[in-house]
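Chemist: give me a model of this one.
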Amino acid sequence: MATAIDNLWPADIAATEGAEAPIAILKQQASLLGQTTKNLVEAIVETKATDYARHMEHWFVLVAPALNFYRYPLFSVRHHAVKMYPVTIVDQSMSEKQADGASQEITANDESQFKEMLRNIFAHKETKSIVGALVAQSTAS
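Modeler: Numbering: from 1, shown residues only. This is a model prediction of the structure:
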């Protein structure tokens, strides 16, 4: 005869309250890009564990469905696996502008700084140029 298994977890386990998770913010912005470009350019967020699962890394990848789902990794966001902030943003698109080819890293200590840094990345002329080129090529195909 089977015996019942005791549940030893407390009943009040819930999502951490306070700041919005970086991955949630990224997924919202990915969805909004598709709406803004009439889905000619979309974005996805890919997540992986790094450093033996000590950190999470989220890649913000542009996707052009009309161009055989061409993918362009715009930037990545890295934070401790069990802490949402601070986050380090590694901006891949800006690395092409630097003389040494190194990626630009910036750190946001909280949600408001993170959102402001994303706003700056999205509004940067290089990002607008990349998205614009993908839109133009998508309408030509």
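Chemist: show me the contacts for residue 55.
Modeler: 49, 78, 79, 80, 81 (C-beta atoms under 8 Å, 6 or more residues apart in numbering). Where C-beta positions appear, they are placed from N, C-alpha and C, glycine not excepted.
Chemist: how about residue 49?
Modeler: Counting by C-beta under 8 Å, 6+ apart, residue 49 makes contact with 55, 56, 57, 81.
Chemist: show the buried residues in those.
Modeler: Using 16 or more other C-beta atoms under 10 Å as the burial test, the contacts of residue 49 include 55, 56, 57 as buried.
Chemist: the worst-scoring helix or strand of the chain on mean pLDDT: what's the following helix or strand?
Modeler: In the chain, no helix or strand scores lower on mean pLDDT, DSSP states H and E than helix 92-95, which sits at a mean of 60. Moving toward the C-terminus from helix 92-95, the next helix or strand (DSSP states H and E) is strand 104-108.
Chemist: residues touching the helix or strand following that next one, excluding its own?
Modeler: Going down the chain from strand 104-108, the next helix or strand is helix 111-123, by DSSP H and E. Residues from elsewhere that reach helix 111-123 (C-beta under 8 Å, 6+ apart): 19-20, 22, 25-26, 29, 74-75, 85, 87, 89, 91, 93, 106, 108, 127.
Chemist: which residue in those has the weakest pLDDT?
Modeler: In this model, the minimum pLDDT among the contacts of helix 111-123 belongs to residue 93 (64).
Chemist: can you give me the strands in this protein?
Modeler: Ranges of strands in the chain, per DSSP state E, are 42-50, 55-64, 70-80, 87-91, 104-108.
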